[in-house]
Structure formats: C-alpha cells, structure tokens
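**Student:** Here's a sequence, model it:
(one chain, ligands or ions: 2)
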Amino acid sequence: MLTVEQLFDGLWQDYLSHTPSAQPIHELLGGGADIINDHIALRTFNIGPVTVDALAQHFLDLGYFEAGQYDFEAKKLKAKHFQHANSHYPKVFISELLVEEMPTEVQTIIKRMVANVNPADVSKPEFLYSGTHWQVSKDEYQLLAQRSEYAAWMSVWGYRANHFTVSVNELPGFETLEQVNQALKDGGFTLNASGGEIKGSKAVLLEQSSTMADSQLVQLTDAKLDIPSCFYEFALRHEDADGRLYQGFVAASADKIFESTNAN
Ligand code: OOG
Ligand code: NI
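**Tutor:** Ligands and ions are numbered 1, 2, ... in the order given. I've put the predicted structure just below:
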C-alpha cells in the first residue's frame, strides 16, 4: 500500500509527463515554491471492474470519505468527490461515463476496451496512473469523439490525473482568480473560455478556471494523431454563512471544466 504522499507523487509524475505546460505554470505561479493542490480528477466508465467506486476504494483505504455526488445529464456522466480529514490532502473528483446511455457502436468499443483491463490490476494503487490498457484505431477514436469527447479522451489517456488544481486560497501573491488568469494569459497560456473564463462565483462559494489541455502526438493502432492530453485548474474557495470554507464542487461549473480536454 502506498501512502497518500506516494500516491499523489505517482499521479503528479505521470501528469507532468503528459502535460508539458504544468511545470512552467507551476513556476510562473509558485516561483519555485511548493503549491497546495485543491484537488485532482480521474475519469472512468460505470462498468466493472473500473467503476468510480472501484477507483475510489484506493482513497477510502487511505482515510478519504465520500463527500458529494454530481450529475451531468447532457454529457451522460456521474461523479463523486472524496476528501480527507487532513485538509492538506487534495480532494479527489472521480467521474464515470454512463455506458448504457451511449449509442450501441460506442458501447461496443468501450466494452472491448474495458474487457482488456485485468481486474486484479484495478486493486493496485498504481492502476490510478496506469494509462490505457487497450488501443483504438483512428476511426474508433473519431467515432467516440463525435458522440462523447469524454469517451474519446478515455480511449487514448485512460487512468491518470486529467488535471491537478492549484489552491488559489493558499497561493502567495494572488488575491483573486482574475489575477491568476491574467498571469497565465501574460505567460502565453490558453484558458478554457467555455461558460466564461471564471466558472462559478463567490455566491456559489467556488470560483474555478482552467487551461485548455496540452496536445500530444499519440500513436493509435493505424495512425498518429495530435490529441488533447491534460490541463491545469485553479480554484478559489469562499466561506459559507458559518465561516467554513466550502469544500464541495459546483455541477454547472464542472460541466464546463470537462470541456478543457475538448479538441477545438
Ligand atoms: C473533471 C471536471 C470537473 C471540477 O473541478 O469541477 C472538475 C474532469 O474534467 O474530469 O474538475
Ligand atoms: Ni477540477
């Protein structure tokens, strides 16, 4: 069993290798100092052996508890978030595609992909940054992309953190998310503008922004394609009426954050 620190270090190293902009952004905002992460996110399918609950078990084993559920009807997704009594440990947002709500040809591809996962591997913590356990062709990738950007992303990137999230509350030198966004744009990074550069507001106790995912050349079974990989997110949390910093997510905002990995 890995410690929380070891697990997040494994996720971070894997994330860096697919997100060339992550280290430069880390340096731009943190000036080389440590940055506290608000959360990371993982994606999966709602079929065995890779359901949200199967992935979440690794975090439950480390003392995390379930603390929120979210529905994304249009995207055919559900999600849960997990947090730890040690508030310095990042929260974990895990979503799953509702496979039975996809067109039959999409279901066929996904079921073949998941059938290739060795169930015994899922219970190893390293599974969480093991990438794909299958390969798809260019036609399959494009078919998935037409029906679900999320399914297409999963077919190429699989099990890994699709983003890390800077806790702006704990980021020295920045008071507002606008200031963070301006520094990113001045540094030449592209923000996700879906629903506006800032998703959420002080009124819903959470403001979020994100970069558009980096792009990497990926070898599919029969072609090489440039495909969006992973992105960086920035979160500023606000206090509720009782003076407690809100720890949940906001579905309407999350719906737009998912689009950070869309091909454009
Ligand atoms: C997760 C999108 C939602 C948030 O902070 O609301 C999210 C994803 O892209 O997998 O990260
Ligand atoms: Ni996020």
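
**Student:** measure the residue nearest to Asp222 when sequence neighbours are not counted to ligand 1 for me?
**Tutor:** Distances taken as CB to CB, 6 or more residues apart in numbering place Ser137 nearest to Asp222, at 5.0 Å, with adjacent residues excluded. C-betas here are computed from N, CA, C, even on glycine. Distance of Ser137 to ligand 1, computed by CB to the nearest ligand atom, to the nearest Å: 24 Å.

**Student:** Ligand 1 contacts on the protein?
**Tutor:** Within the chain, the positions near ligand 1 by CB under 6 Å from any ligand atom are Ala41, Arg43, Phe93, Ser95, Asn162, Gln208, Glu233, Phe249, Ser253, Ala254, Ile257, Phe258.

**Student:** The closest residue to ligand 2 within the stretch 1-150 of the chain in helix, strand or coil?
**Tutor:** Of all residues in the stretch 1-150 of the chain, Ala41 sits closest to ligand 2, at 4.8 Å by CB to the ion. The three-state label given to Ala41 by DSSP: H, G, I helix; E, B strand; the rest coil is strand.

**Student:** Contacts only, for the residue nearest to Thr3 when sequence neighbours are not counted.
**Tutor:** Spatially, and ignoring its direct neighbours in sequence, Thr3 is nearest to Leu62 (7.6 Å; CB to CB, 6+ apart). The contact partners of Leu62, by CB atoms under 8 Å, 6 or more residues apart in numbering, come to Thr3, Val4, Leu7, His84.

**Student:** what would these look like in JSON lines with secondary structure and distance to ligand 2?
**Tutor:** Conversion of these to JSON lines gives the following (DSSP: H, G, I helix; E, B strand; the rest coil; distance: CB to the ion, whole Å):
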{"residue": "Thr3", "secondary structure": "coil", "distance to ligand 2": "23"}
{"residue": "Val4", "secondary structure": "helix", "distance to ligand 2": "18"}
{"residue": "Leu7", "secondary structure": "helix", "distance to ligand 2": "18"}
{"residue": "His84", "secondary structure": "strand", "distance to ligand 2": "16"}
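
**Student:** Highest neighbour count among those residues?
**Tutor:** Counting neighbours by other CB atoms under 10 Å, the top entry in these is Leu7, with 20 neighbours.

**Student:** Neighbours of the nearest residue to that residue once chain neighbours are set aside, how many?
**Tutor:** In space, Leu7 comes closest to Pro125 once its chain neighbours are excluded; the distance is 5.6 Å by CB to CB, 6+ apart. Per other CB under 10 Å, the neighbour tally for Pro125 reads 19.

**Student:** What confidence value was assigned to Pro125?
**Tutor:** pLDDT, Pro125: 97.

**Student:** could you list every residue that touches it?
**Tutor:** Met1, Leu2, Leu7, Gly10, His58.

**Student:** does the residue of the chain found nearest ligand 1 count as helix, strand or coil?
**Tutor:** Ranked by CB to the nearest ligand atom, the top residue of the chain for proximity to ligand 1 is Ala254, at 3.1 Å. State at Ala254, reduced to three classes by three-state DSSP: helix.

**Student:** what sits against it?
**Tutor:** By CB under 8 Å, 6+ apart, Ala254 lies in contact with Tyr70, Phe72, Ala79, Phe93.

**Student:** Report how many residues lie close to Gln142.
**Tutor:** 15.
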